[in-house]
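K.L.:
need coordinates for the following:
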Amino acid sequence: MCKVIFVLVPSYCNDDWLDNKMMQITKNMVSVLNLENYPVIPIEDYNDINFYLNDAEYLVVVTAGNIFLHRDKLWNKINNIDPKIGMLAHILQFENDDTPYLHEQFFIINTKAVDSADLDFQKSKSRGPKLARSKEDVHDDHAPLFVTLEEKTVDRQMKFGSNLIEQILKKGYEVRNFDEEWRVPQETNDHYLGIQNLPLRGFCYPKKNTKIFSKSLRELEIYPGLDESQNIFLELVKKGLEYQVLNVWHYDHVPTDVVEFDHIIVPATGFLGEEIAYKTGAKKITFYDINSNNLEFKKALYKNWSGKDYEKFYENWAHERNLTIEPNSGEDLKSSLANKTRTEQTLFPVWKQWKNTVEIEYIHDDLIGSQPILDAISHNSLIFTSTILGIYTFTSITHNEDNIEKTKQQISERVSATSSRWIEI
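P.N.:
The predicted structure is shown next:
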């Protein structure tokens, strides 16, 4: 039994394109969040959750349309849930509802708090103990902070998740709403696209304004009639696609089994290309990137940097252009630390001499469908695609899965034809 399984459910918004796109984006978001590589399982129906109750301590149920904005803090919350809590969810009870229920967007089940694989999410009428909402409310008087079980028997209109709430309470566990600590980050440097004060997690509500939202996401334009959360999501996407960021250290580790290569083809992030070329003796590096700032910084680095005071050099360069510097979140900084230490010890002392021993080429392009990047793969090359084809957020937003798979196939064929190697993380 593992600690967590992420269970992904389609949004079923009656728009096939939007359903698929939301699932693609949400899978990507879960992959970024999933720092321990727990299982991620797509299911077709909420009742299929029953199949996994014996396989993990917690099931994190994620409906397509979720956006995770503070990965580190959200990950920490998921891994430190009070064991007395049987379920965390968006609990709702409006004025006309006699029974609390769940919004399906995101909920976490402690599997110890359920008896058996008989969870039922269907609406039904029943008679049984009253499910009483707390006086305390998370927001707008329809989101009780918690639910309790009363002794008196009443007629009940059970909605989505009401039966699950009842079962967990009968087992003696708590059922609680996501409180402020789950909704709004407190005292954290973790942020999304350089923007502070965003919630830990958002939901795009694909069933709302479906036609307009689908058109907006296809065209990456904000049209009138969107929900506030949809507006925020699209504004973040548009801001992200401006790529006002500079990647000064790399998170990806240099493979330990690399041998001699003539040519290294890598994203222009940190010193990934330089480390691999230095280790393998390659005499050519091709930097490719959709972010022109990374490429321009590389040009400045090779032209003007002395090999000393790298932090001062990149901070001044980024400040002059009003760019956000990455990595900046806790987990990313931790991932890059070993690379940073190794590069400072091996490459920096010989930078002035070594940089003149390699030929440098720059390609400003999106890897997906890029003929120039494919053409750059020559005999005995190593092409490194990092997370671009897997979990990179904007790849899943701007490209469908067919185009991504086509690019993978093209790279594979080109690598095979040139006796090269491809590393994808």
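
K.L.:
lowest confidence element among the helices and strands of this protein?
P.N.:
helix 180-183 (a mean of 88; mean pLDDT, DSSP states H and E).

K.L.:
show me the contact partners of that helix.
P.N.:
Lys77, Leu88, Val138, Gln186, Pro199, Leu200, Arg201 (C-beta atoms under 8 Å, 6 or more residues apart in numbering). Just so you know, the C-beta spots here come from the backbone N, C-alpha and C atoms, and that holds for glycine as well.

K.L.:
tell me the mean pLDDT for the helix or strand hosting Lys73?
P.N.:
Taking DSSP states H and E as the criterion, Lys73 maps to helix 71-78. Across helix 71-78, pLDDT averages out at 93.

K.L.:
next SSE after that helix?
P.N.:
strand 85-92.

K.L.:
starting at the chain centroid, how far to the following helix or strand past that next one?
P.N.:
The C-terminal neighbour of strand 85-92 among helices and strands, as given by DSSP H and E, is strand 101-110. A distance of 19 Å separates the centroid of the chain from that of strand 101-110, by C-alpha atoms, centre = their mean, to the nearest Å.

K.L.:
also stretch 367-376?
P.N.:
25 Å.

K.L.:
list the buried residues in it.
P.N.:
Leu367, Ile368, Ser370, Ile373, Leu374, Ala376 (16 or more other C-beta atoms under 10 Å).

K.L.:
can I get that stretch in PDB, CA atoms only?
P.N.:
C-alpha atoms of stretch 367-376 as PDB (Å, rounded to 0.1, in the frame of the first residue of the first chain):
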ATOM      1  CA  LEU A 367      10.200  22.000 -29.700                       C
ATOM      2  CA  ILE A 368       6.800  20.700 -30.800                       C
ATOM      3  CA  GLY A 369       6.900  20.300 -34.600                       C
ATOM      4  CA  SER A 370      10.100  22.200 -34.900                       C
ATOM      5  CA  GLN A 371      12.000  21.300 -38.100                       C
ATOM      6  CA  PRO A 372      15.100  23.300 -37.200                       C
ATOM      7  CA  ILE A 373      15.500  21.400 -34.000                       C
ATOM      8  CA  LEU A 374      15.000  18.100 -35.700                       C
ATOM      9  CA  ASP A 375      17.500  19.000 -38.400                       C
ATOM     10  CA  ALA A 376      20.100  19.900 -35.700                       C
END
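
K.L.:
quick check: the gap between Ala117 and Asn356.
P.N.:
66 Å (C-beta to C-beta, to the nearest Å).

K.L.:
between these two, which one's more packed in?
P.N.:
More crowded of Ala117 and Asn356, by other C-beta atoms under 10 Å: Ala117, with 12 against 8.

K.L.:
check contacts around that one.
P.N.:
Asn50, Phe51, Leu53, Asn54.

K.L.:
wait, isn't the last one in contact with Met1?
P.N.:
Think Asn54. Yes - with contact defined as C-beta atoms under 8 Å, Asn54 reaches Met1; the gap is 7.3 Å.

K.L.:
now the lengthiest strand in the chain - C-alpha only, CSV.
P.N.:
When secondary structure is assigned using DSSP state E, the longest strand within the chain turns out to be strand 146-158. In CSV, the C-alpha atoms belonging to strand 146-158 read as follows (Å, rounded to 0.1, in the frame of the first residue of the first chain):
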residue,chain,number,x,y,z
PHE,A,146,-17.2,20.8,9.0
VAL,A,147,-20.1,18.3,9.3
THR,A,148,-21.3,16.3,12.3
LEU,A,149,-23.8,13.4,12.7
GLU,A,150,-26.9,14.0,14.9
GLU,A,151,-28.8,11.3,16.7
LYS,A,152,-32.3,12.2,15.4
THR,A,153,-33.6,10.5,12.3
VAL,A,154,-34.8,12.6,9.4
ASP,A,155,-35.8,12.4,5.8
ARG,A,156,-32.9,13.4,3.6
GLN,A,157,-32.2,14.4,0.1
MET,A,158,-28.7,13.0,-0.5
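
K.L.:
give the next helix or strand downstream of it.
P.N.:
helix 162-170.

K.L.:
list the buried ones in that following helix?
P.N.:
Ser162, Asn163, Leu164, Ile165, Glu166, Gln167, Ile168, Leu169.
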